[in-house]
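>>> Have a look at this fold, sequence not included:
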């Protein structure tokens with residue numbers, strides 16, 4: 001019954017919108033119904049637990065459902081949860097592992113078999129994600145606690161289908177907004193139906209579902225504002241709704257953050273004819289930034305990953321310089337992965353890690369690790385005097401990552417300075433005579449003395465929001481601080497972009513490597529996309545499309561695309577880039593392709609509409625035959 005009620009929301013919402021705002025606002029019903037049917041079919045065919053990170057997302061939902069709002073925050077690695085919450089989390093984990101075993105999940109997820117045998121839920125934890133999606137899902141599931149966990153999974157998959165159907169409506173609404181009176185205005189909605197990955201991942205338990213819906217609403221709202229369409233485009237409601245959607249988006253997922261620059265572009269475009277309004281908006285932004293800085297944006301250690309959000313992990317009084325890295329009871333570990341291009345260079349070589357350290361009442365550990373396991377490890381008891389700690393080890397060929405960690409155990413404080421990770425030649429003259437003497441070798445650690453810092457999110461913000469803000473700041477900092485490594489990583493980034501493009505159009509499951517369309521089909525899709533973009537640019541240059549919405553559409557595609565490819569800057573490990581991270585810009589992408597293809601289309605409008613409609617079953621059948629069936633078999 002719950003599944004039927006959720007699905008009934010699609011036609012019910014369309015009827016309500018039609019009565020309230022008219023037929024043009026509601027648009028045609030067929031794209032919404034067709035999408036819902038396709039997405040629901042995929043949700044039924046794809047086995048349980050086989051959409052990206054679905055088991056761990058379900059862990060988060062179940063923890064909130066049983067433990068209440070805030071329970072997930074208590075279970076983060078650097079916190080000590082109440083005994084009842086810890087027992088509840090262990091029971092949730094056992095239930096999901098048992099369900100995965102009962103549904104033979106390892107057949108489609110070979111990488112998770114070892115974890116399941118050990119009683120662990122596969123995938124990285126999702127408990128540190130912003131809470132909004134999980135809170136909404138937990139409230140929805142509370143009446144269904146008596147169902148098996150796979151039954152609650154099915155309810156949330158249908159919720160994802162409903163939210164994704166709303167995204168399709170936003171795509172069509174953007175077309176109707178920008179191409180009023182055009183019979184092909186629904187082309188953008190049809191293109192959304194022709195993206196198999198979007199359809200198959202619609203029925204997933206994942207916070208992407210809510211993030212993509214909010215992103216689609218935001219892009220549609222920005223477009224309405226810059227073309228001054230209707231009551232919603234009036235300045236006060238427009239700005240107010242932008243703020244609401246930004247807050248909700250940041251409370252949902254970090255992938256929403258790349259749309260913040262798009263908002264700034266839309267505001268600049270809208271107030272451009274009004275210089276006084278632009279100056280007032282600029283003054284308001286500066287005031288907000290100043291307020292943030294005053295209310296707790298401390299300078300924290302740059303370039304290092306901190307195990308906790310407490311403290312800044314840096315302090316004065318280094319070994320021969322002003323600053324050092326500080327490990328305290330509340331900030332007990334920092335780690336850093338070297339750029340992947342440097343890890344490849346060090347593969348097959350011997351490395352030396354060395355630090356100066358001092359402290360009290362603690363044990364200090366220095367570790368070098370790769371995805372193959374430990375490379376080197378040392379433990380020392382710090383004293384009040386500076387001591388030099390050095391370890392050597394052999395890095396395997398082609399490591400997936402190479403990282404160094406500084407860890408403190410105990411109640412005291414440890415101060416660390418001059419952290420180095422360098423290639424080491426044991427046959428070099430003087431290699432072992434005095435370890436503290438610098439050898440002529442490059443250091444692959446950045447900010448090893450804690451001299452550089454970045455601003456942290458204000459402590460007044462909730463923990464999930466602070467993690468989103470700090471993560472965005474770290475990405476920008478990596479791009480600015482290590483431009484050489486970013487340039488050297490061009491080949492890696494290009495491969496990431498190609499993989500992201502391929503998985504945007506057609507993939508299923510979350511195994512590695514991802515199942516994709518054959519290369520020939522990927523190239524054909526790339527040519528079609530390039531033609532659509534070229535046609536859109538030509539249309540804008542010929543003044544057949546307004547410049548203001550074009551700027552919003554272009555900035556959305558560029559910002560979201562860049563954020564998807566540059567998740568870690570520079571790249572520090574071999575990782576799969578999923579095309580679903582591009583879906584927050586789906587409204588912009590489909591509108592650009594629709595306008596570009598129509599501009600280049602040599603035949604009639606009726607023929608254009610027919611071809612687009614036929615492309616939906618054509619590409620879906622190709623996806624089923626070439627990607628889905630091999631995955632399921």
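Great, that's in hand. This structure is a prediction, so every number in the text was calculated from the model and none was measured.

>>> contacting residues for residue 214?
245, 248, 249, 252, 256 (CB atoms under 8 Å, 6 or more residues apart in numbering). All C-beta spots, glycine's among them, are computed from the backbone N, C-alpha and C.

>>> Residue 85 versus the second one, what's the distance?
Taking CB to CB, to the nearest Å as the criterion, residue 248 is separated from residue 85 by 26 Å.

>>> low pLDDT regions in this protein?
Scanning the chain for pLDDT under 70 picks out the ranges 1-3, 78, 273-297, 428-440.

>>> Assign a three-state SS to the residue most central in space within the chain, would you?
With distances taken as CA atoms, centre = their mean, the residue of the chain nearest its centroid is residue 255 (4.4 Å). At residue 255, secondary structure determined by DSSP: H, G, I helix; E, B strand; the rest coil is helix.

>>> residues near the nearest residue to residue 103 once chain neighbours are set aside, how many?
In space, and not counting its chain neighbours, residue 103 is closest to residue 48: 4.9 Å by CB to CB, 6 or more residues apart in numbering. Residues near residue 48, counting by other CB atoms under 10 Å, number 22.

>>> What segments of the stretch 451-600 of the chain are helices?
Using DSSP state H, counting those that start in this stretch, the helices found in the stretch 451-600 of the chain span residues 463-481, 483-488, 490-505, 519-541, 547-565, 586-600.

>>> Mean neighbour count added to those helices, as JSON lines?
Listed next are the helices of the stretch 451-600 of the chain as JSON lines, based on neighbours: other CB atoms under 10 Å:
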{"stretch": "helix 463-481", "mean neighbour count": "18"}
{"stretch": "helix 483-488", "mean neighbour count": "15"}
{"stretch": "helix 490-505", "mean neighbour count": "18"}
{"stretch": "helix 519-541", "mean neighbour count": "15"}
{"stretch": "helix 547-565", "mean neighbour count": "21"}
{"stretch": "helix 586-600", "mean neighbour count": "26"}
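
>>> could these go into JSON lines alongside distance to residue 116?
Below are the helices of the stretch 451-600 of the chain laid out as JSON lines (distance: least, CB to CB, whole Å):
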{"stretch": "helix 463-481", "distance to residue 116": "28"}
{"stretch": "helix 483-488", "distance to residue 116": "37"}
{"stretch": "helix 490-505", "distance to residue 116": "25"}
{"stretch": "helix 519-541", "distance to residue 116": "32"}
{"stretch": "helix 547-565", "distance to residue 116": "30"}
{"stretch": "helix 586-600", "distance to residue 116": "34"}
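
>>> among the ones you listed, which is nearest residue 217?
Of all the helices of the stretch 451-600 of the chain, it is helix 586-600 that lies closest to residue 217, at 8.9 Å by CB to CB.

>>> how distant is that closest one from the center of its chain?
25 Å (CA atoms, centre = their mean, to the nearest Å).

>>> Name the residues of the helix or strand just after that helix that are buried.
Downstream of helix 586-600, the first helix or strand assigned by DSSP states H and E is helix 605-623. Using 16 or more other CB atoms under 10 Å as the test for burial, helix 605-623 gives 608, 609, 612, 613, 616, 619, 620, 622, 623.

>>> angle of helix 605-623 against helix 586-600?
In terms of direction (axes from the mean of the first three to the mean of the last three CA atoms, to 10 degrees), helix 605-623 departs from helix 586-600 by 130 degrees.

>>> buried residues in the longest helix anywhere in the chain?
Using DSSP state H to define each element, the chain has its longest helix at helix 149-178. Judged by neighbour count (16+ other CB under 10 Å), helix 149-178 contains these buried residues: 149-150, 152-178.

>>> circling back to that earlier point, can you name the two of the contacts of residue 214 that are farthest apart?
Spanning the widest gap among the contacts of residue 214 are 245 and 252, at 10.2 Å by CB to CB.

>>> between the two, which one's more packed in?
A direct count of neighbours by other CB under 10 Å for residue 245 and residue 252 places residue 252 higher, at 27 against 21.

>>> Shouldn't the more buried one be within a strand?
No - using three-state DSSP, the assignment for residue 252 is coil, not a strand.

>>> all strands of this structure, in order?
Along the chain, the segments classed as strands by DSSP state E run 299-301, 305-306, 314-316, 323-327, 333-337, 350-359, 363-370, 373-380, 387-394, 402-409, 414-423, 453-455.

>>> Export the ones you listed as JSON lines, with columns for mean neighbour count and distance to residue 59.
Putting these into JSON lines (neighbours: other CB atoms under 10 Å; distance: least, CB to CB, whole Å) gives the following:
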{"stretch": "strand 299-301", "mean neighbour count": "19", "distance to residue 59": "29"}
{"stretch": "strand 305-306", "mean neighbour count": "18", "distance to residue 59": "22"}
{"stretch": "strand 314-316", "mean neighbour count": "18", "distance to residue 59": "34"}
{"stretch": "strand 323-327", "mean neighbour count": "24", "distance to residue 59": "30"}
{"stretch": "strand 333-337", "mean neighbour count": "20", "distance to residue 59": "23"}
{"stretch": "strand 350-359", "mean neighbour count": "22", "distance to residue 59": "35"}
{"stretch": "strand 363-370", "mean neighbour count": "20", "distance to residue 59": "25"}
{"stretch": "strand 373-380", "mean neighbour count": "15", "distance to residue 59": "26"}
{"stretch": "strand 387-394", "mean neighbour count": "17", "distance to residue 59": "35"}
{"stretch": "strand 402-409", "mean neighbour count": "22", "distance to residue 59": "26"}
{"stretch": "strand 414-423", "mean neighbour count": "23", "distance to residue 59": "33"}
{"stretch": "strand 453-455", "mean neighbour count": "18", "distance to residue 59": "31"}
